[in-house]
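Novice: Coordinates for the following, if possible.
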Amino acid sequence: MAAVLTTAQARRIALTAQGFADRPPTGAVTMRLVERVVARTKLFQMDSVNIAVRAHYLPLFSRLGPYDQALLDRAAWRPGRGRRLLTEYWAHEAALIPVDDWPLFGFRMAEYRDGRYRHTRDTMRRNRELADDVRAVIAETGPVTPRRIEEALGIERAPQAAGGWWNRGEVKHLCEAMFASGEFAATRDDVFGRHYDLAERVVGADRVDRRVERDDAHRELVTRAASALGVATVADLADYYRLKTADVRPAIADLIDSGVLQPVSVDGWRDGAYLHTAATVPARVRAANCERGAILSPFDPLVFFRPRTERIFGFHYRIEIYVPEHKRVHGYYVHPYLLGDEIVARVDLKADRQRGVLMVPGAFSESGQHLSEIASALRRDLQVLADWLGMESVEIGSRGDLADTLRHLFD
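Specialist: Numbers count the residues shown, from 1 in each chain. Modelled structure (predicted):
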């Protein structure tokens, strides 16, 4: 008979699996501590939006506190003489994954052999010879942007409207197709521009050449997802690496037989769940730094699967970037706020870099929370975040039930 967990136990298991119960740093954050977080989360979802800070930088801050963002840049894109820890691929959407996990996505690279999107696939199929030319330029020059490839090939493109994916030139789509197929890998520059290179020069020829059978890859990825989640439903496990549930179910059966997973039920969960047998159930969880809570990225692995977030925390969360301004409930780029083992509030953030101000247009508590306690902790954490981002002050707006209290605390 499956074991039964309470919702509170499931929540603490999830937080512990994600690193929120780990001992906080006592000094400067080091690459070893970055590796510790990566071992917990397995990936960082990427996002180009830079309203406050790009999404892939925030999970380390949420778990470790202020750190030098150059550590993540070195781990992923500029290792120098050190070893590369992370690389970019389509895992949970665009994500940084451990470089050693590259071969596990061979089945996906085969599925994306001509690109991930229909427009990209159509472009590749129409332009095989141009793709050969692009490959030759990259082989000769090393990491390079599509614009520089166009210059090398003498391609002139009329200026187009800024901003749309479909407005990009054919070379960009070809680079994206070959990135999706695993032929190219990518690095980023200081302004987040993607530079393409041959995959073997970024992740290593041994990893590129390693072949993992589809079923074995699914089993390994489900194992990683189960470790990162602690306790999870089939849907949770499938979502972590964007796998199909039809592929996840047989992997789960194998992992139960091998003793990696244990079937459990969680009070209030409609579907059955699976507990990673290495997961722990702490009596309590405090945020990564015992003196503060944790401001989470909208794409933190703890919360990026919204149905699970609602099951675990009772927190209904939708990002409203694409919602017309007059229809937004909480704001443009709202961050959940974790305090102890609960998500107690959400806060809309924007860094005004010209003025050196961390703007907080709105701050909202969750139902049943004590406003003064939340505001006091959030005030501390907003100041820490502002300092980390190099902002000189924090400016509180007028929206939300926490706004007035926060504003008085900053006065």
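
Novice: just checking, what's the longest helix in the chain?
Specialist: helix 371-388 (DSSP state H).

Novice: where along the stretch 151-300 of the chain do the helices fall?
Specialist: Ranges of helices within the stretch 151-300 of the chain are 170-180, 199-202, 205-209, 214-229, 234-240, 245-257, based on DSSP state H, counting those that start in this stretch.

Novice: Show me what counts as buried in the longest one.
Specialist: Within helix 214-229, the residues that qualify as buried by neighbour count (16 or more other CB atoms under 10 Å) are 217-229. Glycine gets a C-beta too; all of them are placed from N, C-alpha and C.

Novice: Adding distance to residue 82, write these out as TSV.
Specialist: Below are those laid out as TSV (distance: CB to CB, whole Å):
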residue	distance to residue 82
217	28
218	32
219	31
220	26
221	27
222	31
223	27
224	24
225	28
226	30
227	25
228	25
229	30
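
Novice: Closest one of these to residue 15?
Specialist: Top of the list for closeness to residue 15, among the buried residues of helix 214-229 and by CB to CB, is residue 229 at 10.7 Å.

Novice: List the residues that contact the closest one.
Specialist: 14, 17-18, 236-237, 240, 276, 308 (CB atoms under 8 Å, 6 or more residues apart in numbering).

Novice: quick one: it from residue 87, how far?
Specialist: 22 Å (CB to CB, to the nearest Å).

Novice: repeat for residue 135
Specialist: The value you get for residue 135 to residue 87, if CB to CB is used, is 19 Å.

Novice: How about residue 304?
Specialist: Counting by CB to CB, the gap from residue 304 to residue 87 is 20 Å.

Novice: so who does the residue nearest to the spatial centre of the chain touch?
Specialist: Closest to where the C-alpha atoms of the chain average out (CA atoms, centre = their mean) is residue 45, at 2.0 Å. For residue 45, the contact set (CB under 8 Å, 6+ apart) comprises 55-56, 92-95, 297, 299-301, 304.

Novice: And it, its phi and psi?
Specialist: When read as degrees, to the nearest 10, the backbone of residue 45 gives phi -70, psi 140.

Novice: which ones are touching the closest residue to residue 259 other than its chain neighbours?
Specialist: In this structure, residue 259 finds its nearest non-sequential neighbour in residue 277, 6.2 Å apart by CB to CB, 6 or more residues apart in numbering. If you count contacts by CB under 8 Å, 6+ apart, residue 277 has them with 259-262.

Novice: from these, which is closest to residue 347?
Specialist: residue 261 (35.8 Å).

Novice: May I have the beta-bridge partners of that closest one?
Specialist: residue 276 (DSSP bridges).

Novice: That one and residue 275 touch, don't they?
Specialist: Yes. With contact defined as CB atoms under 8 Å, residue 261 counts as touching residue 275 (6.9 Å).

Novice: how far is stretch 169-179 from where the chain is centred?
Specialist: 23 Å (CA atoms, centre = their mean, to the nearest Å).

Novice: now the strands for the protein?
Specialist: Applying DSSP state E to the chain gives strands spanning 3-5, 44-45, 86-91, 93-98, 184-188, 194-198, 231-232, 261-266, 273-276, 294-295, 334-339, 342-352, 357-365, 393-399.

Novice: Now do the third one and strand 194-198, the angle between them.
Specialist: Translated: strand 86-91. 90 degrees (axes from the mean of the first three to the mean of the last three CA atoms, to 10 degrees).

Novice: on contacts alone, who are the packing partners of strand 86-91?
Specialist: If you count contacts as 3 or more CB pairs under 8 Å, 6 or more residues apart in numbering; DSSP states H and E, strand 86-91 packs onto helix 70-76, strand 93-98, strand 184-188.

Novice: Packing partners of the shortest one?
Specialist: It stands for strand 184-188. Looks like strand 184-188 contacts helix 70-76, strand 86-91, helix 170-180, strand 194-198, helix 199-202 (3+ CB pairs under 8 Å, 6+ apart).

Novice: list the buried ones in the fourth one?
Specialist: Meaning strand 194-198. For strand 194-198, the neighbour count (16+ other CB under 10 Å) marks 194-198 as buried.

Novice: With distance to residue 26 added, can I get these in TSV?
Specialist: Below are the buried residues of strand 194-198 laid out as TSV (distance: CB to CB, whole Å):
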residue	distance to residue 26
194	37
195	37
196	40
197	38
198	42
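
Novice: Could you work out the most separated pair of those residues?
Specialist: Spatial extent of the buried residues of strand 194-198 (CB to CB) is set by the pair 194 and 198 at 14.5 Å.

Novice: Next one: the residue lying farthest from the centre of the chain from residue 173, what distance?
Specialist: Within the chain, residue 154 marks the point farthest from the mean C-alpha position, 37.1 Å out by CA atoms, centre = their mean. Counting by CB to CB, the gap from residue 154 to residue 173 is 18 Å.

Novice: ok, now residue 17?
Specialist: Distance from residue 17 to residue 173, counting by CB to CB: 38 Å.

Novice: And residue 203, by the same measure?
Specialist: Distance, residue 203 to residue 173, by CB to CB: 22 Å.

Novice: sorry, back to before: among the contacts of residue 45, name the buried ones.
Specialist: 55-56, 92, 94-95, 297, 299-301, 304.

Novice: hmm, which two among these are most spread apart?
Specialist: Counting by CB to CB, the most remote pair of these is 94 and 300, 14.9 Å apart.

Novice: I'd like to know which of the helices and strands packed on strand 184-188 lies nearest to residue 213.
Specialist: Proximity to residue 213, assessed across the helices and strands packed on strand 184-188 by CB to CB, is greatest for strand 86-91 (18.6 Å).

Novice: What pairs with the closest one, parallel or antiparallel?
Specialist: When pairing is defined by DSSP bridges, strand 86-91 lines up against strand 93-98 (antiparallel).
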